[in-house]
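what's the 3D shape of this:
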Amino acid sequence: MAIIIRIDVDRPYGRRPLLRHLLSRCGSDLYFPRTEALGYLEELKELLQIIRNCGARAYAFFRRCTLPSDSVMEMMEQGGDEIGLHLENSRSFETFQSERRLLERHIGKKVLSFSKHGSGAARYGYHHYAPYEPERYVQWAKRAQMKVFFGNLEDPALGPRALDGDLSWYPAAFWLEPRWRDAQKFTVDWLLARAQRSDIVLLVHPENTLVDPALLRDFQRIIGQAESKIA
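Modelled structure (predicted):
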């Protein structure tokens, strides 16, 4: 039994300081070149290094505006991590396939796992389709012969859903940021105890984790004490 680390790579240039926040918005809604000298995916690389130092493995899910750089792909390859799709335009199977193929062309191999950007409450970016419809995504994943779908529910006590075939569906996650979970009930101690009995998804956002010392300490504690796995 283990932690399954899920990294949603939402922002190409993070959220601080203001200039990098503006670059992230431009990259998401319009276009801005992937420039590592300006900090492209800087927070993700820092988080991957922390994971590597603990001997852990992770999934990282990329939007069309956060496609992995060569250095990120090299880090993930060396660490045995998994690249997945962070789906934005979920209007139809065709838009799902378009985003998946875009990522596959970029990384040069098949994408077998995905998550959804947003949980239905708001629209995040020009290309984003806000409604959250997990049952539809499961059917699309089966058609595309994918292997893992990570959902966005906020009750980490929910275990994997049983499905026919090779697809695994984890409907919920332990969101590291307390605003997206019942922090009184679902503590880090709860997570560590739960991971001894069953697999559980730990969801983190690099740009939030690295700017908050308390979140970073919690993350380091979790991956330092719990075994991690690729589902």
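
so where's the longest helix in this structure?
helix 93-107 (DSSP state H).

what does stretch 80-87 rub up against?
Stretch 80-87 is contacted from outside by 8-10, 48, 51, 57-63, 66, 68, 73, 75-76, 96, 99-100, 103, 107, 111-117, 137, 148, 150, 230, using C-beta atoms under 8 Å, 6 or more residues apart in numbering. (Glycine included, C-beta is placed from N, CA and C.)

let me redo that: stretch 188-199
With C-beta under 8 Å, 6+ apart as the test, stretch 188-199 has contacts from 1-4, 156-157, 159-160, 174, 200, 202, 218, 221-222, 225-227, 229, 231.

Got a quick ChimeraX command for the buried subset of those?
Selecting only the buried entries of these in ChimeraX, with 16 or more other C-beta atoms under 10 Å as the criterion:
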select :2,3,4,156,160,174,200,202,218,222,226,231
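
Among the contacts of stretch 188-199, which ones are in helices?
Among the contacts of stretch 188-199, the ones falling in helices (DSSP H) are Asp218, Arg221, Ile222, Gln225.

Switch those over to TSV, and while doing so, append pLDDT and distance to Ala193 to every line.
Converted to TSV, those look like this (pLDDT from 0 to 100; distance: C-beta to C-beta, whole Å):
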residue	pLDDT	distance to Ala193
Asp218	97	15
Arg221	97	13
Ile222	97	12
Gln225	96	11
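
Identify, from those residues, the entry nearest to Arg123.
Nearest to Arg123 out of the ones in helices among the contacts of stretch 188-199 is Asp218 (C-beta to C-beta; 29.2 Å).

Return the residues in contact with the residue lying closest to Pro206 once chain neighbours are set aside.
Counting by C-beta to C-beta, 6 or more residues apart in numbering, Pro206 lies nearest to Glu43, which is 3.7 Å off, once chain neighbours are set aside. For Glu43, the contacting residues are Arg11, Gly14, Pro206, Glu207, Thr209, Leu210, by C-beta under 8 Å, 6+ apart.

Give me the buried positions along whichever helix or strand Glu43 is part of.
Using DSSP states H and E, Glu43 falls within helix 42-53. Within helix 42-53, the residues that count as buried by 16+ other C-beta under 10 Å are Glu42, Glu43, Leu44, Lys45, Leu47, Leu48, Ile50, Ile51, Arg52.

What mean pLDDT does it get?
Across helix 42-53, pLDDT averages out at 97.

Likewise for stretch 195-210?
96.

Could you measure from Asp166 over to Ala231?
Separation of Asp166 from Ala231 (C-beta to C-beta, to the nearest Å) stands at 11 Å.

list residues touching both of the two?
With C-beta under 8 Å, 6+ apart, Asp166 and Ala231 have common neighbours Lys147.

re earlier: what about burial for the contacts of stretch 80-87, which qualify?
8-10, 48, 51, 57-63, 66, 68, 73, 75-76, 96, 99-100, 103, 107, 111-117, 137, 148, 150.

Please narrow these to those residing in helices.
If you go by DSSP H, the buried ones among the contacts of stretch 80-87 have Leu48, Ile51, Met73, Met75, Met76, Phe96, Glu99, Arg100, Leu103, Ile107, Tyr137 in helices.

Those residues into TSV, with extra columns for distance to Leu18?
Listed next are those as TSV, based on distance: C-beta to C-beta, whole Å:
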residue	distance to Leu18
Leu48	25
Ile51	28
Met73	29
Met75	28
Met76	29
Phe96	34
Glu99	29
Arg100	33
Leu103	29
Ile107	31
Tyr137	35
